[in-house]
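>>> coords below, sequence missing:
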């Protein structure tokens, strides 16, 4: 349809003022597990780089191709760096604090593969943000 | 901006360039309304197809558009976006915009050069990386920024670089290429 | 169709996409649908909110709640808590250091003192939907111009508004249009300069990504005024997202007859074509840009003739910058009086600045002309990162200069910045703290202009190279006072004898840093013997 008059334009304007176009639906939420590692200055100086490498190595070794390591910025928990957040589809994200490389193996084994978060390392999300 | 001439007039014409791509380029040129002033868009198309603009492609375009090869090379060498060298499997672009510069991009590009043993706009020996310093990719909020192919790494620190390089080096080794790593 | 109860706006600018906003959007859509709110709640991708440092940004309307740094996994919580239960997700709110959390956009200091004209729709509409642009009054200015105003009236309105070129030159837009209109020719062209070259400015990209129709409409109005039927958008190939949104916008405008023949039932025909740049800073210069549009090397020409007389393929051509165009439609709708009531005596309206460097809130700001640097840097920008001391701010990019602490209270307009030895430029604003060495900053800019010098004229081609070499020598601590002197002389020579703006302004960063930070140049000189002669070499002697 071509708009030929200002009135037609205004009519379209009215029709669409309240209406918002439907966006294309995605097929599914990704089935990838994400391991987010806080890689801000405080994180790195606390050893987040080593933790990240440990995750990458372990995932490579175990051929866990659905697990993705994401270096992220400061997630605000500087006193418990390095922080690692594990996100599994359909589950509430779990945030771990003080994750040195020696903790990486158990997180992968128990949480990522086994589905059981390691309670000792979990940080309360609300506690920090309050 | 001017680059030294990289085209040897005596070098044999390579036959490594796929014919289908020439055909596609030819189709692109044929369907244009007019070829007047169309050199730059033709070069964009060609670089998209071939990944770079080797001598044969430049000469092909010159013949096709009916202009001297020197004119084509003149334009190719003028614009920094066009390249006459093949690219590595991954292109590492280090943003050298002002925002990134004041947040330490110079140290980052230096480290990349050292780490990959290349200069800017060069390809690594294993053909895996091309290192480029680019002018502002427009993500100043994340400065300093490094882009590997289409992936943006924001607030990059020199310490991050090994990890970035490793990520892509390992992709070559790994059985399953996982770009998300 | 059910009425929309709530809109979830998500930023789709490059900054936010780089921080995964596309995934956030997809998750929001899926979860909204899964919770059965698909009919009542809409997820909309909008343009840049100008708050990239805190991206990805999600805004809930009509609640006017503003979430920052939203990750893909936060989508579930936003939907379940905010949309379903009506509870604000505390941890995602913007947090002003020390003052706690702030939920409403209008309460975030970053948005205070800002008046958004050019950026009015950025962050508010889906740039890929023409109906949303129309829904906010889009294309009414074009309709008004075509059906109720003569060409002279349009030009007169723009002239009276006092709008000046936002690309850096500051030439009155209405006058430029008038000159082009006066040319007698069967063909004329209007070009949008989207070759944003200043390596610290990104407002044009944000406008094109966030509100492309805004630019198309303004180009059509300008084309009508000057008598052109063909428009060209010359855009950097490095902006793929802006290019794809422009292409979508052009297609949609054609479908609705807002581009094409007989627009709004008039006898005015107009269409727009996109031409790609290929990485050459000098192409921001009008004549170089036109050469590049013609598929040639982007070298500038001698002026006159000006493009208004002989431009694209020799026809009269009007070139305006993206941000300039972005101001046109509001002026036509709201009138020149409204526009000229904003700003200072000689600089009307607003200016968008790209705030970056050592500052807390990196992003885009749009403020009325006459706002002070202090307000921009400290009130809007949130001050210097890490509590460091402010040292200088560079405006005008590689063509501009630095301004120091004492000048922070200068109201910004074209004249005041030039007077202080810098310039408006395209609006890059790079803040430097006490740790930055100004000689190295000058060297950085010189390296840029040296690289980007097209080589057409000797002063610029050789001069920038030699100046850069001298700066390298100085920063390597091998320089002497004579080198500083040579640098100064060379600077004034290059400034005075280069062909185009690139060379004429290339020495500016050196000249202005020498003026304010002479000690830092001396600090690199090991030749202590001659230091007593300092006065002789001091800038201005």
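Right, received. Where do you want to start? Keep in mind the model is a prediction, meaning the values are calculated, not measured.

>>> Next, the buried residues of the helix or strand containing residue C:493.
For residue C:493, the host element (DSSP states H and E) is helix C:481-497. In terms of neighbour count (16 or more other C-beta atoms under 10 Å in any protein chain shown), helix C:481-497 has its buried residues at C:481, C:483, C:484, C:486, C:487, C:488, C:490, C:491, C:494, C:495. Glycine gets a C-beta too; all of them are placed from N, C-alpha and C.

>>> my guess is the fourth one contacts residue C:470, does it?
In other words, residue C:486. Yes - between residue C:486 and residue C:470 there is a contact under C-beta atoms under 8 Å: 6.1 Å.

>>> hmm, back to that, of the buried residues of helix C:481-497, which fall within the contact range of chain B?
Checked against chain B using C-beta under 8 Å from any C-beta of the partner chain, the buried residues of helix C:481-497 give no members in range.

>>> For the helix holding residue C:493, name the packing helices and strands.
helix C:458-475, helix C:501-505, helix C:508-516, helix C:534-537 (3 or more C-beta pairs under 8 Å, 6 or more residues apart in numbering or on different chains; DSSP states H and E).

>>> A helix includes residue B:41, no?
Yes - counting by DSSP: H, G, I helix; E, B strand; the rest coil, residue B:41 is part of a helix.

>>> Identify the residues contacting it.
Each residue near residue B:41 by C-beta atoms under 8 Å, 6 or more residues apart in numbering or on different chains is listed here: C:275, C:276, C:295.

>>> Mind giving me the ChimeraX select for these, buried ones only?
With 16+ other C-beta under 10 Å as the criterion, this ChimeraX line picks the buried residues out of those:
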select /C:275,276,295
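
>>> What separation is there between the residue nearest to residue C:517 when sequence neighbours are not counted and chain A?
In space, and not counting its chain neighbours, residue C:517 is closest to residue C:438: 4.1 Å by C-beta to C-beta, 6 or more residues apart in numbering or on different chains. Note on residue C:438: its distance to chain A, by C-beta to the nearest C-beta, to the nearest Å, is 25 Å.

>>> my read: residue C:438 touches residue C:432, true?
Yes - using C-beta under 8 Å, residue C:438 makes contact with residue C:432 at a distance of 7.5 Å.

>>> Quick check: neighbours shared by the two?
Residues touching both residue C:438 and residue C:432 (C-beta under 8 Å, 6+ apart) are C:391, C:392, C:402.

>>> Quick check, the second one in contact with residue C:401.
The reference is to residue C:392. No - with contact defined as C-beta under 8 Å, residue C:392 does not reach residue C:401; the gap is 9.4 Å.

>>> which of the two has more neighbours?
A direct count of neighbours by other C-beta atoms under 10 Å in any protein chain shown for residue C:392 and residue C:401 places residue C:401 higher, at 28 against 23.

>>> circling back to that earlier point, please identify which of the contacts of residue B:41 is nearest to residue C:34.
Comparing those against residue C:34 with C-beta to C-beta places residue C:276 closest, at 41.3 Å.

>>> Let me see the residues that make contact with stretch C:195-202.
Outside stretch C:195-202, the residues within contact range by C-beta under 8 Å, 6+ apart are B:96-99, B:135-136, B:138, B:140, C:14, C:203-205, C:234-236, C:239, C:277, C:281, C:283-284, C:289, C:322, C:354, C:356-357, C:364, C:394, C:396-399, C:425-430, C:448, C:452.

>>> Report the entries of these that also contact chain A.
When the contacts of stretch C:195-202 are checked against chain A using C-beta under 8 Å from any C-beta, none falls in range.

>>> Which of those fall within strands?
Among these, the residues falling in strands (DSSP state E) are C:234, C:235, C:354, C:356, C:357, C:364, C:394, C:428, C:429, C:430.

>>> pLDDT-wise, what's the bottom of those residues?
Among those, residue C:364 carries the lowest pLDDT, at 78.

>>> Just give the closest residue to that residue, not the sequence neighbours.
Sequence neighbours aside, residue C:50 is the residue nearest to residue C:364 in space, at 3.4 Å (criterion: C-beta to C-beta, 6+ apart).

>>> does the one you found count as helix, strand or coil?
Strictly by three-state DSSP, residue C:50 counts as coil.

>>> How many residues are close by it?
As a burial measure, residue C:50 scores 31 neighbours (other C-beta under 10 Å).

>>> Quick check, it in contact with residue C:119.
Yes - the criterion here is C-beta under 8 Å, and residue C:50 meets it with residue C:119 at 6.3 Å.

>>> Next, show the common contact partners of the two.
Counting by C-beta under 8 Å, 6+ apart, the residues touching both residue C:50 and residue C:119 are C:206, C:364, C:366.

>>> out of those residues, which is most surrounded?
Highest neighbour count within the shared contacts of residue C:50 and residue C:119, by other C-beta under 10 Å: residue C:364, with 33 neighbours.

>>> Bridge partners for that residue, pull those for me.
With beta bridges defined as DSSP bridges, residue C:364 has these partners: residue C:354.

>>> Now residue C:479: closest residue in space that isn't a chain neighbour?
Excluding the flanking residues, the one nearest residue C:479 by C-beta to C-beta, 6+ apart is residue C:473, at 4.6 Å.

>>> Thank you kindly, that will do.
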